[in-house]
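Undergrad: give me the fold of what follows.
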Amino acid sequence: MIMLTDRRPILLANARLIDPSRNIDGIGDVLIADGTIRESRRGIGAAGVPEGTDIINCAGKIVAPGLIDIRAFVGEPGASHRETFASASQAAAAGGITTIICQPDTSPVIDNSATVDFVLRRARDTAIVNIQPMAALTKGLRGEEMTEIGLLKAAGAVAFTDGDKSITNAQVMRRALTYARDFDALIVHHTEDPHLVGEGVMNEGEFAARLGLIGIPNAAEAVMLERDMRLVALTGGRYHAASLSCIESLDILKRARDAGLSVSASASINHLTLNENDIGPYRTFLKLSPPLRTEEDRTALVAALASGLIDVVMSDHNPQDVEVKRLPFAEAASGAIGLQTMLPAALRLIHSGDIDFKILIRAMSTRPAELLGLPGGTLRAGAPADVIVIDAETPWVLDPVDIKSQCKNTPFDEARFSGRVVRTIVGGRTVYEHV
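TA: This next block holds a predicted model:
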């Protein structure tokens with residue numbers, strides 16, 4: 001159930017507090033008032049709260065900072081038939097995401113200050129969660145001429161990317177990294193060499209051969225990432241790999257990190273919990289960019305998340321309607337929705353023992369806030385009251401009827417999950433409650 005209540009004080013009592021920003025995992029209470037976290041500690045108690053406080057007994061459920069999804073496509077402006085700020089925010093709230101970072105590959109492209117301002121105003125008027133835009137790194141996403149990074153950052157852009165397009169011109173990327181460095185701006189890059197991708201539609205290997213589909217080699221990602229690491233070393237810019245998917249890329253990232261470069265990386269929840277075999281009999285909802293890789297690649301990504309080499313887990317939310325998904329696999333569009341299922345899918349990694357809750361919340365909340373300079377990602381007193389309550393155990397099945405996004409292209413169609421968000425609070429207001 002989606003709801004929007006008044007901003008009266010809230011006490012989340014008797015909860016398991018998980019706050020990676022303070023290295024906390026223990027029983028305690030959180031007091032929220034006037035849109036901020038007043039206190040977050042053990043033993044606040046009902047006696048020490050303002051009159052009229054809504055006291056919620058969490059009975060050991062997890063209370064954590066709201067999630068920050070660093071990579072999501074929202075259709076406004078220009079593709080509102082795929083997703084709107086309103087529908088995306090409803091899905092996000094149901095998934096525990098309190099801040100969406102939207103991508104610039106809209107129509108028109110978010111490559112000027114006026115469009116940044118439109119996005120911020122439109123989201124403020126229609127969304128129930130926070131929405132912040134990344135701006136285009138090159139004008140029109142053409143990979144040829146840099147945008148005005150300084151002006152766009154001043155207008156409110158939190159980072160710079162060409163969305164799911166890779167910049168193949170190394171000189172353009174070098175100039176962008178150099179220019180962005182002077183504004184302490186983060187460059188986010190989709191690392192896929194389009195020439196090596198070619199006509200490929202899934203991971204190159206035995207399974208693709210059996211399905212009769214053209215494959216995409218790991219080298220398509222690794223070659224582009226290796227080039228970018230050399231350019232970061234040359235320029236000293238801040239760089240974030242948007243969506244890593246294979247072992248070779250992890251080796252490149254580790255060498256760059258060991259060399260002291262200012263580099264970070266994301267992996268999508270799809271690549272952390274699914275592999276190429278899940279495609280099964282040509283299931284187009286699992287056609288993604290980059291493609292799902294082998295189980296060996298998936299487990300390597302999970303280990304990299306556990307070690308901190310992978311900084312961020314994101315949804316890679318990309319709604320596609322039936323006209324472009326209900327096609328033969330080779331002809332279908334890439335992309336899957338993920339705002340509502342990012343956390344439930346990630347809880348599989350908790351239940352399997354691959355990672356713990358502090359690692360997960362750090363990768364989904366605290367670390368994205370750090371990288372983008374946002375005020376969330378923490379339960380510290382004085383922080384914005386973007387908070388979620390998680391029931392980590394209750395089993396449930398994803399019913400397509402309950403999907404809040406306008407498009408239904410989820411790779412987790414009718415999947416079985418254990419655990420979900422039961423309350424989402426944004427700016428001190430409850431915007432979602434599961435009852």
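Undergrad: what about Lys325, distance to Cys102?
TA: In this structure, Lys325 and Cys102 are 21 Å apart, going by C-beta to C-beta, to the nearest Å. No exception for glycine: its C-beta is placed from N, CA and C like everyone else's.
Undergrad: show me what stretch 174-184 is in contact with.
TA: By C-beta atoms under 8 Å, 6 or more residues apart in numbering, the surrounding residues in contact with stretch 174-184 are 137-138, 146, 149-150, 153, 160, 167, 186-187, 231-232, 234-239.
Undergrad: in strands, which of the residues you listed fall?
TA: When the contacts of stretch 174-184 are checked against strands using DSSP state E, the ones located there are 160, 186-187, 238-239.
Undergrad: tell me the one of these nearest Val389?
TA: When these are compared for distance to Val389 (C-beta to C-beta), Leu186 comes out closest, at 30.3 Å.
Undergrad: got the residue ranges for the strands in the stretch 201-350 of the chain?
TA: 202-203, 215-216, 238-241, 263-268, 312-314 (DSSP state E, counting those that start in this stretch).
Undergrad: okay, the third one in CSV with CA atoms only?
TA: Once non-C-alpha atoms are left out, strand 238-241 reads as follows in CSV (Å, rounded to 0.1, in the frame of the first residue of the first chain):
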residue,chain,number,x,y,z
ARG,A,238,37.3,10.8,-10.6
TYR,A,239,35.8,7.8,-12.4
HIS,A,240,33.0,5.3,-11.7
ALA,A,241,32.4,2.2,-13.9
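Undergrad: packing partners for it?
TA: Judged by 3 or more C-beta pairs under 8 Å, 6 or more residues apart in numbering; DSSP states H and E, strand 238-241 is in contact with helix 170-181, strand 186-189, helix 219-235, strand 263-268.
Undergrad: switch those over to JSON lines; also include mean pLDDT.
TA: Supplementary listing: those in JSON lines, determined by pLDDT from 0 to 100:
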{"stretch": "helix 170-181", "mean pLDDT": "98"}
{"stretch": "strand 186-189", "mean pLDDT": "98"}
{"stretch": "helix 219-235", "mean pLDDT": "98"}
{"stretch": "strand 263-268", "mean pLDDT": "98"}
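Undergrad: so which of these is nearest Glu433?
TA: So among the helices and strands packed on strand 238-241, strand 263-268 is nearest, using C-beta to C-beta, at 27.4 Å.
Undergrad: how many other residues sit next to Ala383?
TA: 19 (other C-beta atoms under 10 Å).
Undergrad: roughly how far does it sit from Ser365?
TA: When distance is defined by C-beta to C-beta, Ala383 is 11 Å away from Ser365.
Undergrad: cool, thanks, signing off.
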